[in-house]
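Engineer: Output the structure for:
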Amino acid sequence: MEMKSFSRNEIIFRQGDPSDCMYSVEGGRVGIFLDYGGKNETKLTDLCPGQYFGEMGLIDDSPRSASAVALEDATAVAVIREADAKELFRENPTQMLNILEQMCSRLRRVSRDYAEACRTVRDVVDTEKAGQEKSDSLKHRMAKLLAGFDDFRSDAAN
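Structural biologist: Residues are numbered from 1 along each chain as shown. Okay, the predicted model is just below:
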């Protein structure tokens, strides 16, 4: 595996770039962003040592779905290419299982948040028909959804 070091705010990869590897955070912190540097920039999460990112690109060879940016000077990442991943799978299945567990955890959270967002949108339409009581309930659910998103970002940073 190749090791790379990045300075604060240095871009590791950009949303839309080709995917041919994944990364392991070895030191420092990495931020994952949608529309990095754009008007609608959204920070999805912070990653710290022991966490992985870019794994979907290694598996399906699709363009990067977000940008990865070093959040601290001397942020160190290991570049894991396909051959490296195959070797890890043979020699350290526990580490590969850890990568898969992180992927599943992220997917479950996104699925849960997506379902809640769909219910919220449905309820917005219903609220227009049902009046104030429904509106208060919807405001409460939206606040809970946003708090859950903040918790997700906080968990990922730890």
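
Engineer: Show me where the protein has its strands.
Structural biologist: 2-6, 11-13, 21-27, 30-34, 42-47, 52-53, 67-70, 75-81 (DSSP state E).

Engineer: list the helices and strands the single longest helix found in the chain packs on?
Structural biologist: When the chain is parsed with DSSP state H, its longest helix is helix 93-130. In terms of contacts (3 or more CB pairs under 8 Å, 6 or more residues apart in numbering; DSSP states H and E), helix 93-130 is packed against helix 55-60, helix 82-91, helix 132-157. Yep, even glycine has a C-beta here, placed from its N, CA and C like the rest.

Engineer: quick revisit: to Glu116, which of the strands of the chain lies closest?
Structural biologist: Distance to Glu116, taken as CB to CB, is lowest for strand 42-47 among those, at 16.5 Å.

Engineer: Buried ones in the closest one, by neighbour count?
Structural biologist: Of all the residues in strand 42-47, those buried under the rule 16 or more other CB atoms under 10 Å are 44-47.

Engineer: quick one, what contacts the residue lying closest to Asp73 once chain neighbours are set aside?
Structural biologist: Closest residue in space to Asp73, ignoring its immediate chain neighbours: Arg8 at 4.8 Å, by CB to CB, 6 or more residues apart in numbering. Contacts here follow CB atoms under 8 Å, 6 or more residues apart in numbering; on that basis Arg8 touches 70-73, 75.

Engineer: Quick check: the farthest pair among those?
Structural biologist: It's Leu71 and Asp73 that sit farthest apart of the contacts of Arg8, by CB to CB, at 9.4 Å.

Engineer: tell me, what's touching these two both at once?
Structural biologist: Shared contacts of Leu71 and Asp73 (CB under 8 Å, 6+ apart): 8, 28.

Engineer: Sounds good, over and out.
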